[in-house]
Each structure stands twice: as structure tokens, then as C-alpha cells.
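S.K.: Based on what follows, work out the 3D shape:
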Amino acid sequence: MLDTQQLKAEDLKGLSPGELTALAVQMLAHIGEQTKHIDALDKRVNSQAQGIKWRDAKIESITFQLAKLKAWRFGAKTERMNAEQREIFEETFAADQASLEAQLAALQSSTPDGSPGDRAPEDQKRRQPKREALPAHLPRVDQRIEPEDTRCPTPECRQPMVRVGEDISERLDIVPAQFFVQRQIRGKWACKCCQLLVQEPAAPQVFDNALPTPGLQAHTAISRFVDHIPYYRLEQINARSGVHTPRSTLAAWGGQTGAQLMPLYDAHRVFVLSSRIVQADETPISMLDPGAGKTKKAYMWAYARGAFDPEPGVVFDFCLGRGGKYPSEFLKGWSGTLVVDAYAAYDGVLSLEGRSTAFCYAHARRKFDELIKTAPKASPVAAEAIQRIAWLYRIEADARELTCEERLQMRRERSKPLWDQLHLWLKLERTRVPDGGAIAKAIDYSLNRWEGFGRFLLDGDVPLDNNHCENRMRPWALGRRNWLFIGSQLAGERAAVVMSLLQSAKLNGHEPWAYLKDVLTRMPTQLNSRIEELLPHRWQPAG
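M.R.: Alright, predicted model coming up:
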């Protein structure tokens with residue numbers, strides 16, 4: 001039979017009719033097979049074309065969604081959101097962006113038939129952000145991947161290969177919190193001759209027969225006061241590890257921890273009030289009122305060392321009210337400059353000799369900022385006030401890292417002229433607006449307290465505002481959304497003790513759990529005369 005693919009014109013000469021017929025049949029069959037192959041290829045091309053068209057449409061859609069999402073983020077009027085709304089918005093944006101980018105990468109990395117796409121490597125290299133190195137202090141667990149056979153795969157060779165290098169990639173992993181039982185095994189030693197038994201005493205602990213170790217005590221306190229996890233949810237989390245810790249048990253551990261830390265809290269309070277610059281603020285806390293069957297309003301007061309103090313610290317005081325008697329009692333014997341807002345309860349505190357007031361100018365700025373949002377007619381005056389105040393804050397940013405003397409010198413040279421101009425401008429604008437109006441009230445708020453607002457020009461350690469102390473109140477705001485209310489006055493006082501030490505530890509750059517675990521371990525044997533060694537600003541891990 002002739003090969004139809006190798007057939008030439010001269011080969012047809014001299015063929016008999018039968019041979020020509022057979023050749024024609026053979027050629028028709030070959031043409032039929034080629035037609036089927038072409039049809040299949042056409043279907044495959046059409047399918048791939050449809051797949052490419054769908055993929056490109058999907059990429060275009062996801063790219064549009066991603067661009068719109070970024071426009072929402074950067075074009076959003078965040079001033080119209082409160083802090084909680086901004087947090088939710090940022091969390092949602094991050095999750096949505098990651099989801100869209102993952103879908104986009106998957107579509108760009110392969111063609112419809114599953115083969116790698118041509119554009120993927122370049123696109124991924126161009127879009128891949130530079131990832132920060134994983135923390136060096138984390139332990140490394142090596143997973144070695146080597147060929148099963150280290151001989152040359154070439155059949156003619158099969159000689160042993162030589163290892164010439166390696167590639168290392170790092171990924172972050174975690175083992176969820178694991179409970180374990182700590183056993184103290186104290187050997188008994190006897191002398192048969194002397195009939196004497198020797199055994200080391202048990203490790204000291206504040207509460208006899210206490211079930212939790214200092215590590216578990218610290219974990220429970222951190223979960224409650226740093227991560228703001230209510231006891232009932234912590235009970236559920238522990239149950240996933242097969243450990244039953246009723247919320248009443250967790251609460252009892254919290255009570256023991258608070259009692260154990262009281263001496264340290266008292267020493268910490270003395271340390272905070274040894275500063276000549278103290279910043280104060282207060283925030284409402286709901287407290288359960290069992291007799292009335294509902295909650296009532298209590299207050300958590302905060303007293304922080306000055307924002308420029310090299311040894312930061314904050315101490316909280318839980319009180320049943322917001323009257324002036326509470327700060328008066330807490331600050332008894334203290335003298336210096338108190339940085340506060342214009343709340344009248346501080347008037348009695350500051351009337352004593354040796355005390356001066358520095359008012360928070362962020363509150364004055366806030367009055368003008370509210371006008372821009374709610375009173376359009378007052379916006380021009382309010383907007384200029386905001387701009388003038390912004391100049392002062394730019395100088396404060398430059399002066400933050402300076403010494404007290406250098407900061408005061410910069411303020412006298414740069415801030416004082418702007419401050420005097422602001423004062424004259426406010427008095428002039430006040431004559432142009434009617435009494436009782438919103439803009440008049442905003443201007444009066446500044447002018448009536450001008451001496452207190454200008455205290456930062458007389459002392460380089462006095463801040464322009466009270467934001468440093470107000471930021472210490474954020475954990476309480478987060479806690480209110482989780483545990484909702486304080487169960488009793490004692491519980492509020494206990495929370496103030498633990499939070500004072502933990503927030504001060506964070507201010508001094510300590511990891512809260514490591515600090516609290518070490519403190520709870522050392523407290524039983526720590527001499528009262530050396531209790532200051534465990535304060536957050538002086539604490540050093542046990543060697």
C-alpha cells in the first residue's frame with residue numbers, strides 16, 4: 001500500500017484502475033481522519049477562547065472592585081466615623097482586599113486549560129509587596145526536603161551527586177495555647193543511723209493549695225484586662241483544650257491575683273505621684289447594682305506621669321462618682337502641674353498652694369472642629385482657628401524628642417509668637433460675633449482659660465494637650481464593649497490594680513504576660529523593702 005503522505009505525482013503513472021481506486025479510498029479515509037482532528041482542534045480552540053474571554057472579563061471585574069475598594073478607603077471621610085467604626089472599616093477593607101487580590105492572582109497565574117500563564121511571573125514579581133523578615137527571636141523548626149535518591153538520574157551515569165547549596169523559605173506557624181500540669185517532686189532523704197528525714201520545702205506561693213501557677217494566673221489576667229475576653233468566653237476557649245475552668249473559678253483566680261498585686265500597686269501609685277507633671281482624666285464605667293436589678297454609672301480615673309517623662313507610668317482609681325472629692329483624695333500630698341480638661345471637679349484640687357493647672361488644648365480645638373461639621377456659617381472662622389492651632393502642633397512634633405530645656409527654648413522662639421497672634425485674633429473675632437452663638441462659645445472656651453492653656457510656654461515638660469492620658473483610657477473603652485459592666489465596687493478596684501501595672505508595663509516596652517508571670521512568681525519571696533524592683537519602670541527579668 002502506498003504511503004499517502006510520501007506520494008508524488010510521478011508515482012501515479014502506470015497504476016492500474018484497481019490500484020487507483022484503492023489509493024482513492026485510502027486518501028478519503030485519511031482526509032476523514034484529518035477532518036475529525038481539525039474539528040476537535042477547532043472545538044478546543046473555541047473552548048480556550050471562551051475560557052480566555054471569561055477569565056479576562058473576571059479579571060476586569062475584580063480589578064474594578066479592587067479599585068473601587070481602594071477609592072472607598074482613601075476617599076472615605078473618616079472624620080465622620082467614630083473610633084469603633086474606623087476599626088471595623090479598616091478590618092473589613094483589609095479582608096476584602098486580600099480576598100480580591102487572591103482571586104486576581106489565581107486567575108492570572110493559569111490559563112483555562114490549567115497550564116501556567118505567560119504573564120503571571122512578571123505580574124506577581126511586580127505586584128508582590130516587600131515582606132518584612134519574620135522576628136529573629138522566634139524559634140525555627142526546620143523541615144528538610146531532599147531527593148529520595150541522591151544519585152545522578154541520567155541512566156548512563158548514576159554517580160553519587162554532591163550537595164552544592166540550598167534554598168530556605170520561612171513561613172509563620174503557631175501551636176495553639178496548650179495546658180500542661182506542673183508537678184513538684186520533692187525527694188525524701190533519710191539517714192538510717194540518725195533516724196533523720198530531710199526534704200526541701202515546697203516552692204513558696206501566696207495562696208496555699210492554689211491550683212493555677214503564676215503563668216496561668218498571668219494568662220487569665222491578660223485575657224481579661226489586655227485582650228478584654230469575658231470569663232464566660234475564656235471558659236469556652238479553655239474547654240476546647242479539654243480543661244474545665246468555670247467562670248466562677250476564673251473570677252476567683254482574678255480576685256487572688258488582684259489581692260496579690262496590692263502592695264505593688266500602692267508602691268506604683270507613690271511612683272506615679274512623685275512626678276511634678278501629672279495628667280488626669282476619667283471615663284464612665286457601668287457597675288452592676290443588684291438591689292435595683294440594673295447597672296449604675298461609676299468612673300475610672302487615670303493619673304499618668306507627664307507625656308515627656310522618661311519613666312512613664314499610669315495608675316487607675318475606681319470611684320463611685322465623678323465629684324471633686326475623688327481626685328482631691330487621690331492627690332492628697334501631691335504638688336506640681338496637673339494637666340486636665342476644663343472639668344469643674346478639678347477646681348478644688350487645683351486651689352491648693354503648690355499646684356498649677358495646664359488645660360488640654362485638644363479640647364479647645366475640638367470645639368472648632370465640631371463647628372466645621374455642624375455650623376456651616378461658622379466654618380470660615382473655625383477653619384482658620386484649626387489652621388492656626390495646627391501650626392502649634394507642627395512645632396510640638398519637632399520638639400518631642402528634645403530635652404526639657406531645648407523644648408522650652410524652641411517653644412519660646414517659634415510657638416510664643418504664634419500663640420500671641422492666636423490670642424489677638426481670637427479676641428478680634430469675638431468682637432465680630434454675637435453673644436450666645438456657637439462660634440462665640442467656642443472662642444470663649446479658649447479665652448476664658450487662656451492662662452491654663454498657655455502653661456506649656458512656661459515649662460518644657462508640660463504638653464500642649466492631654467492626649468497622652470486620654471490614650472490610656474482606650475483599654476477601658478474596649479473593655480466596655482466586651483465585658484459590658486463591672487460586677488461590684490471591689491471588682492472595679494481590683495481591675496484598677498491589675499490594669500495600672502499592665503498598662504504601665506506596656507508603656508515601658510514590656511510584654512505583659514512575661515512581666516506579670518515573673519512578678520507573680522517573685523512576689524511571695526520579695527522583701528517589702530525591695531518591692532520597687534518589681535515596678536514596671538524598674539523591672540528586669542529574673543536572670
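
S.K.: Check the gap between the closest residue to Q182 other than its chain neighbours and S351 for me.
M.R.: Of all residues not flanking Q182 in the chain, T213 sits nearest, at 5.4 Å (Cβ to Cβ, 6 or more residues apart in numbering). (C-beta placed from N, C-alpha, C; glycine too.) T213 is 50 Å from S351, where distance means Cβ to Cβ, to the nearest Å.

S.K.: ok, these two, which is more surrounded?
M.R.: Using other Cβ atoms under 10 Å, the more surrounded residue of T213 and S351 is T213, with 17 against 11.

S.K.: quick one: that one and Q184 touch, right?
M.R.: No: proximity of T213 to Q184 does not meet the contact threshold set by Cβ atoms under 8 Å, at 10.2 Å.

S.K.: Strands of the stretch 351-500 of the chain, residue ranges please.
M.R.: In the stretch 351-500 of the chain, the segments counted as strands under DSSP state E, counting those that start in this stretch are 355-359.

S.K.: residue boundaries of the helices in it?
M.R.: 361-374, 379-399, 404-410, 416-432, 438-447, 450-453, 467-471, 474-483, 489-507 (DSSP state H, counting those that start in this stretch).

S.K.: contacting residues around stretch 339-346?
M.R.: When contacts are defined by Cβ atoms under 8 Å, 6 or more residues apart in numbering, stretch 339-346 is touched by residues 277-282, 306, 322-324, 326-327, 338, 357-360, 363, 445, 449, 452, 462-463, 466, 469.

S.K.: T63: what's its closest spatial neighbour, skipping adjacent residues?
M.R.: L104 is the one closest to T63 (Cβ to Cβ, 6+ apart), at 6.9 Å.

S.K.: Equivalent analysis for Q159, please.
M.R.: Closest to Q159 by Cβ to Cβ, 6+ apart is C152, at 5.1 Å.

S.K.: My guess is the one you found contacts M161. True?
M.R.: Yes: using Cβ under 8 Å, C152 makes contact with M161 at a distance of 5.8 Å.

S.K.: Contact partners for A362?
M.R.: 464-467, 470.

S.K.: Check the gap between it and C191 for me.
M.R.: Distance from A362 to C191, counting by Cβ to Cβ: 74 Å.

S.K.: tell me, how many neighbours does P380 end up with?
M.R.: P380, neighbours per other Cβ under 10 Å, totals 11.

S.K.: cool, and Y232?
M.R.: By other Cβ under 10 Å, neighbour count at Y232 equals 11.

S.K.: Next SSE downstream of the helix or strand of the chain with the lowest mean pLDDT?
M.R.: Ranking every helix and strand in the chain by mean pLDDT, DSSP states H and E puts helix 120-127 at the bottom, with a mean of 48. For helix 120-127, the succeeding helix or strand toward the C-terminus, using DSSP states H and E, is strand 189-191.

S.K.: name the helices or strands packed onto that next one?
M.R.: strand 196-198 (3 or more Cβ pairs under 8 Å, 6 or more residues apart in numbering; DSSP states H and E).

S.K.: Check the model's average confidence along the strand it packs on for me.
M.R.: For strand 196-198, mean pLDDT is 89.

S.K.: How far does stretch 533-543 sit from its chain's centre?
M.R.: Here stretch 533-543 is found 25 Å from its chain centre; the criterion is Cα atoms, centre = their mean, to the nearest Å.

S.K.: how about that stretch: buried residues?
M.R.: Residues of stretch 533-543 classed as buried by neighbour count (16 or more other Cβ atoms under 10 Å): 534-537, 539.

S.K.: Between those residues, which sits nearest Q50?
M.R.: Distance to Q50, by Cβ to Cβ, is smallest for P536 among the buried residues of stretch 533-543, at 65.7 Å.

S.K.: Now the closest one: which helix or strand?
M.R.: For P536, there is no host helix or strand (DSSP H and E).

S.K.: Identify the residues contacting it.
M.R.: 268, 313, 501, 504-505, 507-508, 510, 515.

S.K.: List of residues touching stretch 508-524?
M.R.: Residues outside stretch 508-524 that contact it (Cβ under 8 Å, 6+ apart) are 204-206, 214-215, 217-219, 221-222, 226, 257, 260-261, 263-264, 311-313, 501-502, 505-506, 534, 536-537, 539, 541-542.

S.K.: What subset of those residues is buried?
M.R.: Buried, going by 16+ other Cβ under 10 Å: 205, 214-215, 217-219, 221-222, 226, 257, 260-261, 264, 311-313, 501-502, 505-506, 534, 536-537, 539, out of these.

S.K.: Near R163, how many other residues are there?
M.R.: Neighbourhood size, R163 [other Cβ under 10 Å]: 7.

S.K.: for stretch 478-491, how far is the first residue from the last?
M.R.: Start-to-end span of stretch 478-491 (Cα to Cα, to the nearest Å) is 17 Å.

S.K.: ok, V175 to D42 distance?
M.R.: 55 Å.

S.K.: between these two, which one's more packed in?
M.R.: Taking neighbours as other Cβ under 10 Å, V175 and D42 compare with D42 leading, 10 against 6.
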